[in-house]
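In: predicted coordinates and the sequence they were generated for:
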There are 6 protein chains.
Amino acid sequence: MVATARLVVVSAHAADFVWRSGGAIARCAADGGEVTVLCLTFGERGESAALWKSEGATLESVKAAREDGSRTAAETLGARIEFFDAGDYPLRETPELLDALVARFRALRPTLLLTHSARDPYNLDHALTHEMVLRARMVAQADGLPDRSTPPLGATQVMAFEPHQPEQCGFVPDNLLDITPVMDRKRIAMKAMDGAQGHLVDYYAELAVRRGVQARRNGAPSSVTHAEAFQQVFPTVADRLW
Amino acid sequence: MVATARLVVVSAHAADFVWRSGGAIARCAADGGEVTVLCLTFGERGESAALWKSEGATLESVKAAREDGSRTAAETLGARIEFFDAGDYPLRETPELLDALVARFRALRPTLLLTHSARDPYNLDHALTHEMVLRARMVAQADGLPDRSTPPLGATQVMAFEPHQPEQCGFVPDNLLDITPVMDRKRIAMKAMDGAQGHLVDYYAELAVRRGVQARRNGAPSSVTHAEAFQQVFPTVADRLW
Amino acid sequence: MVATARLVVVSAHAADFVWRSGGAIARCAADGGEVTVLCLTFGERGESAALWKSEGATLESVKAAREDGSRTAAETLGARIEFFDAGDYPLRETPELLDALVARFRALRPTLLLTHSARDPYNLDHALTHEMVLRARMVAQADGLPDRSTPPLGATQVMAFEPHQPEQCGFVPDNLLDITPVMDRKRIAMKAMDGAQGHLVDYYAELAVRRGVQARRNGAPSSVTHAEAFQQVFPTVADRLW
Amino acid sequence: MVATARLVVVSAHAADFVWRSGGAIARCAADGGEVTVLCLTFGERGESAALWKSEGATLESVKAAREDGSRTAAETLGARIEFFDAGDYPLRETPELLDALVARFRALRPTLLLTHSARDPYNLDHALTHEMVLRARMVAQADGLPDRSTPPLGATQVMAFEPHQPEQCGFVPDNLLDITPVMDRKRIAMKAMDGAQGHLVDYYAELAVRRGVQARRNGAPSSVTHAEAFQQVFPTVADRLW
Amino acid sequence: MVATARLVVVSAHAADFVWRSGGAIARCAADGGEVTVLCLTFGERGESAALWKSEGATLESVKAAREDGSRTAAETLGARIEFFDAGDYPLRETPELLDALVARFRALRPTLLLTHSARDPYNLDHALTHEMVLRARMVAQADGLPDRSTPPLGATQVMAFEPHQPEQCGFVPDNLLDITPVMDRKRIAMKAMDGAQGHLVDYYAELAVRRGVQARRNGAPSSVTHAEAFQQVFPTVADRLW
Amino acid sequence: MVATARLVVVSAHAADFVWRSGGAIARCAADGGEVTVLCLTFGERGESAALWKSEGATLESVKAAREDGSRTAAETLGARIEFFDAGDYPLRETPELLDALVARFRALRPTLLLTHSARDPYNLDHALTHEMVLRARMVAQADGLPDRSTPPLGATQVMAFEPHQPEQCGFVPDNLLDITPVMDRKRIAMKAMDGAQGHLVDYYAELAVRRGVQARRNGAPSSVTHAEAFQQVFPTVADRLW
């Protein structure tokens, strides 16, 4: 028997979690798990090109539009979502932001953390998010934090979801997750982000097919047609390998 | 429900499978899986120092002693064992040896292949065994082999077990297998190899404790006291990550 | 002014050159270059699953079908093709095969060599082909070969084309070639391989779109819609970088 | 036809751009390109040992001497130069410094960015400069910056010039630039830095010869006698490879 | 003849230097060297689980207990110890902390610096300490620091001691130090840390045995029974290799 | 006190040992060590361009000239030399060649083995030589070889000398050997190879200066003006690090 899954996804910008792990989120939720998306920024400056083309766009209007889209996407996928509004391009690590992450990790007690890859020369907000997740995880494990209302976090696994140009980021998939049963849902969620980054919907839909082909090349049954790729940071503890 | 596991372990020398994957073998067998060890050589020249110290030792007597020990160890662990007697230090790849591996892979239809790591500057027999396993796996997948009595092999996962000096071999564990329930059995099996390499029993018993500590550091419950480390060659296809 | 290009593509199996570098071939030919494909095997045993399903298939009939397809594909792309019939799954390096490659390299005098990536745990024929190309290039540079009819080869660049699962093969693209003008031709050529590996046509057509998107993400104008990825073995000598 | 080149070189200290990319700068300028050097610090604390030996040296006098030398060097090479006076040993990233870089990138619209390598255990100012260039490039691509007077930057390539001890920095040249036509100019420019780091002139003159030999070993004609080495961060988009 | 050794060990938390380099410290001291431990934090928040279980534990009481233990351990090993009380989980780099390190490096003039490994995904305080040591070393080499009372530091070697899970940290030992003569002393020193992290004493005692076995596998005489592993950051300058 | 050094250098071609380790050889010999060069081939086909330009050159005449030069160079450096005449471009590993190496390793009992680097995409003879040295070392350690006249070899360290284009070969120096006292001797030895590869004398003389500068940058006293770079395969066992 497997205990209730608590998946926490840390997303640098408002849409990253959709493109890169929408399938994992939907699948976990469909399996009865609790999924929370922690969205550090709205991607308001750097990942909202389409919105900035509207007349009269302001930082606030762009943020609001992004928040709407992300909320709809998260809902579609079956996840709760929280926004930290930490400011993007560049994202900066502050003690307050780190403390906030620590507090959420201790309260949510994730059984798995999903976030960006360790390296991304195209997007340093992504790499910083990865580093902050590792740092917040470490701090959350400490016994001596001022707030004693939550016990220390255990040794939660962290996995990176797929960056836009994986080879340039040192991303090597070691887990291919079958998202066939929830692909429709992912597609709908992606469309909720349309206003800002519509051109990515097809790109990531095709990527799911591609990863699905590869899943079959790595032993999945032929019913697996769509997949998402992940790379674990820590070793997996297993009861069986075979 | 999980189908019957068929674990195939390819061991360069007669004792490697015991030190490095005895726990995995015993655990798989205890769980009802079928385990077969394919032993390419007896380690008769290079890994039988103690035996060569007996008066009157000959290649044949050393091989026989090693075969005895390995057979006992395999039995203890719950595995069948086959010897290829391909000659060690150095092991050489011949078309015949490869064909024999291919034939066994197609007949045994493993759900997991365990073998040595891809690199080992101390022991090139180990690295060659890894390469031969990959090559035999590839050939076994071909549709056009002369022998049509067995269908092509599927995309079986291959995992490397731990080399003697892991950091020097580029070995990074990504799977820590809990072998607590079968550690006693592994210890007995290791003792069966005593005549040739007795000094390794304590070394590998302590290693299991060390990997057990690390397993707990990576999220295992406190009941996990012994573990073995593995590194997968291919991505794992998963239904859940969390 | 740029001298006449002479592109030589070394393909382990009969179709690899089509999927992985069909665009480069067609583009080079369209630009007036001479392209020669050196096909080491027909992929008759390992990459002709569909053909083996026909009743009465024999090694010879499969080879013949593959040769036909490859010839048509090469013609479509604008390349000459030569078959070495060296035997696949596994491909083996023999002195004769190496000598034959050396002789062709010296006669053809390539300005660029394209071949498989250095590593491919799924397909060791590919990795061996890479190694043989490097070895044949080295030997072809020697002054003291018995055959003095051709002068030593210069320091020809070697580039790897994209393996099927690039991240698992350590493949990191450092060159994205715009194949937009010849994509139709590549699609036709891929279809010529249909009988054996039809499922790959869509996979590689989509891959070209994906690499095209990435090309634009790396500075290509919006007219670039399809691309192929390559990884150079040696440094490029340049007159300008900017 | 190639559009006007706009080369922007980001140098951690006042002389780095001369030793490491003086040839590229001079060659680009000689070809009609516009070159701008952005000098983050004068190297006043850490790379001006000779100047500190003069009696009465102060931080201001050292900075002034370094500025003089750098200006002369830049002029000799055909480049404009700007000083940020951000303080060295250690260089620190501030929001203001990053904003200043972003503003210059958007105004200058480089077709190529040259800077330090990603790693340098000897000199963390260099590694930080690399990281800041990537971050500033990313921010400069954002649509939503407060300053709308300049449009977002495109996907400009970034290349690392050669660190002092390349192997220790993970620097692997993938581009060898022929600087033969401008080597005399580079030598003159290097001499302008004499006061502070005179011992490096010979070192880098010899390095140019060494890279020139290697260029010929990688296919350059025998007329290429001097070269500089570079490592690209992103894939190159190409119209031809052969 | 060898000059007096001055070993400086920079430890992120109060006990790291004991587990990871207690043998090196004791051996250096026993050989007549001067050893100074620079302890950046007490590990009061993150590495004092046992102490926090005592009733009435406060940050101050935990720090005091850790300081006591570390002082005793350092004394046992023959080292002086200094505490920076910079705050752990997370450790933060401030200009003041860096300046303090620089000042100590210039005053102590180490012939070797020991510290944490460059990467540690489990513990980012460790990785940051490594980076700060490299940065402080660089700054300490500068001629132009305000404080002229100490001359610039030379090119001191830096070595990383062993992290808790070496393979996950990219730690590859290139030096195995024989600590057989001082193992008893290390064991006593480790016990001084008992209150906070008692479970680690056995773990690291066994690790010393394991590294001792490996030392013999790499050429040490059979009298070497215990060792510690280190990884150098810079090349060693040698008078003989053989 | 240090026991007599026995340095064994395994050189793929007749001149490699001179360019790449002439200083180490001369220094070891000057210190009273015994040095033996094992030359696998004469480099007769691939590294004798100048000799092949003489009228009437034959394989035998080229070999003889190369043997002469190598013998003179070895003598100059203070080493004995043995030729295996195994055939170059390509070098092939045969059981006989490996057995011969094993026999020499057991008879010579090296305290250090020097050879080529593990990778060299320009020259696969070099990479194969590295692999054969590791394999021969392993076999020489076996207790059960037919020839009992020599005892098994111990765990001899292996170091790679510098390839022609180090960064392309993954060569990272971890040992810089001071060859200042014997640089004149190395220069003379290099000149003995003049007939075949004269252009390399200056290249490698300058390289020694370059590595000397780097040695000083890594802590060598200013008297060190010339150095050679090496990369160890196995960890060093040490009595002191500081």
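Out: Yes, it's here. Numbers count the residues shown, from 1 in each chain, chains lettered A, B, ... in the order given.
In: for the helix or strand hosting A:R20, list the C-alpha coordinates in PDB.
Out: Here A:R20, judged by DSSP states H and E, is contained in helix A:16-30. Presented in PDB, the C-alpha positions along helix A:16-30 are these (Å, rounded to 0.1, in the frame of the first residue of the first chain):
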ATOM      1  CA  ASP A  16       6.500  26.600 -16.400                       C
ATOM      2  CA  PHE A  17       4.700  24.000 -14.400                       C
ATOM      3  CA  VAL A  18       2.100  23.600 -17.100                       C
ATOM      4  CA  TRP A  19       4.400  22.900 -20.000                       C
ATOM      5  CA  ARG A  20       6.900  20.900 -18.100                       C
ATOM      6  CA  SER A  21       5.000  18.900 -15.600                       C
ATOM      7  CA  GLY A  22       1.300  19.300 -16.400                       C
ATOM      8  CA  GLY A  23       1.000  15.600 -17.000                       C
ATOM      9  CA  ALA A  24       2.700  14.600 -13.700                       C
ATOM     10  CA  ILE A  25       0.400  17.000 -11.900                       C
ATOM     11  CA  ALA A  26      -2.800  15.700 -13.500                       C
ATOM     12  CA  ARG A  27      -1.800  12.100 -13.100                       C
ATOM     13  CA  CYS A  28      -0.900  12.500  -9.400                       C
ATOM     14  CA  ALA A  29      -4.200  14.400  -8.800                       C
ATOM     15  CA  ALA A  30      -6.100  11.800 -10.700                       C
END
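In: now do the same for whatever residue of chain A ends up closest to chain F: its pLDDT.
Out: Residue nearest to chain F within chain A: A:G170 (16.5 Å; C-beta to the nearest C-beta). All C-beta atoms are positioned from the backbone trio N, CA, C, and that covers glycine. With respect to pLDDT, A:G170 scores 98.
In: please see if the helix holding A:R20 touches chain C.
Out: No. Figure legend: helix A:16-30 not in contact with chain C (C-beta under 8 Å from any C-beta of the partner chain); closest approach 12.8 Å.
In: the nearest residue to the residue of chain A closest to chain F once chain neighbours are set aside: neighbour count?
Out: Of all residues not flanking A:G170 in the chain, A:R119 sits nearest, at 5.0 Å (C-beta to C-beta, 6 or more residues apart in numbering or on different chains). Neighbour count for A:R119, taken as other C-beta atoms under 10 Å in any protein chain shown: 17.
In: kindly report the same for A:V18.
Out: Around A:V18 sit 30 other residues, with neighbours defined as other C-beta under 10 Å.
In: check the one 10 residues further on too.
Out: Each residue near A:C28 was counted by other C-beta under 10 Å, and the total is 28.
In: surely it and A:T36 touch.
Out: No. If you go by C-beta atoms under 8 Å, A:C28 and A:T36 don't touch, sitting 10.6 Å apart.
In: how about the strands in chain A?
Out: Taking DSSP state E, the strands of chain A run over residues A:6-11, A:34-39, A:80-83, A:112-115, A:157-161, A:175-178, A:227-232, A:236-238.
In: in JSON lines: those strands, plus mean neighbour count and distance to chain D.
Out: Below are these laid out as JSON lines (neighbours: other C-beta atoms under 10 Å in any protein chain shown; distance: least, C-beta to the nearest C-beta, whole Å):
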{"stretch": "strand A:6-11", "mean neighbour count": "26", "distance to chain D": "17"}
{"stretch": "strand A:34-39", "mean neighbour count": "24", "distance to chain D": "17"}
{"stretch": "strand A:80-83", "mean neighbour count": "17", "distance to chain D": "17"}
{"stretch": "strand A:112-115", "mean neighbour count": "26", "distance to chain D": "18"}
{"stretch": "strand A:157-161", "mean neighbour count": "24", "distance to chain D": "19"}
{"stretch": "strand A:175-178", "mean neighbour count": "24", "distance to chain D": "24"}
{"stretch": "strand A:227-232", "mean neighbour count": "25", "distance to chain D": "20"}
{"stretch": "strand A:236-238", "mean neighbour count": "21", "distance to chain D": "29"}
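In: now render these as JSON lines, adding distance to chain C and mean pLDDT.
Out: Listed next are those as JSON lines, based on distance: least, C-beta to the nearest C-beta, whole Å; pLDDT from 0 to 100:
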{"stretch": "strand A:6-11", "distance to chain C": "20", "mean pLDDT": "98"}
{"stretch": "strand A:34-39", "distance to chain C": "23", "mean pLDDT": "98"}
{"stretch": "strand A:80-83", "distance to chain C": "27", "mean pLDDT": "98"}
{"stretch": "strand A:112-115", "distance to chain C": "18", "mean pLDDT": "98"}
{"stretch": "strand A:157-161", "distance to chain C": "12", "mean pLDDT": "98"}
{"stretch": "strand A:175-178", "distance to chain C": "10", "mean pLDDT": "98"}
{"stretch": "strand A:227-232", "distance to chain C": "8", "mean pLDDT": "98"}
{"stretch": "strand A:236-238", "distance to chain C": "18", "mean pLDDT": "95"}
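In: for those strands, which one sits closest to E:T41?
Out: Nearest of these to E:T41, taken as C-beta to C-beta: strand A:157-161 at 23.7 Å.
In: how about low-confidence regions in chain A?
Out: Counting by pLDDT under 70, chain A shows low-confidence ranges at A:1-2, A:195-198.
In: point out the residues in it that sit beside chain C.
Out: A:122, A:164-168, A:171-173, A:203, A:206-207, A:209-210, A:213-214, A:217.
In: hmm, try it at 10 Å
Out: Applying C-beta under 10 Å from any C-beta of the partner chain, we find that chain A lies next to chain C at A:122, A:162, A:164-174, A:199-200, A:202-203, A:206-207, A:209-211, A:213-214, A:216-218, A:229, A:231.
In: restricted to buried residues, select these in ChimeraX.
Out: Selecting the buried subset of the residues of chain A next to chain C in ChimeraX, with 16 or more other C-beta atoms under 10 Å in any protein chain shown as the burial test, is done by:
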select /A:122,162,164,165,166,167,168,169,170,171,172,173,174,200,203,206,207,209,210,211,213,214,216,217,218,229,231
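In: which bits of chain A sit near chain E?
Out: Going by C-beta under 10 Å from any C-beta, the residues of chain A near chain E are A:93, A:95, A:98-99, A:102, A:118, A:130-132, A:134-146, A:148, A:152, A:155, A:158, A:233-235.
In: let's see 8 Å
Out: Checking chain A against chain E by C-beta under 8 Å from any C-beta, the hits are A:95, A:98, A:131, A:134-135, A:138-139, A:141-145, A:152, A:158, A:233-235.
In: just the buried members of those?
Out: A:98, A:131, A:134-135, A:138-139, A:141-145, A:158, A:233-235.
In: ok, and which of these reach chain B?
Out: A:234-235.
In: of the buried ones among the residues of chain A next to chain E, which belong to helices?
Out: A:98, A:131, A:134-135, A:138-139 (DSSP state H).
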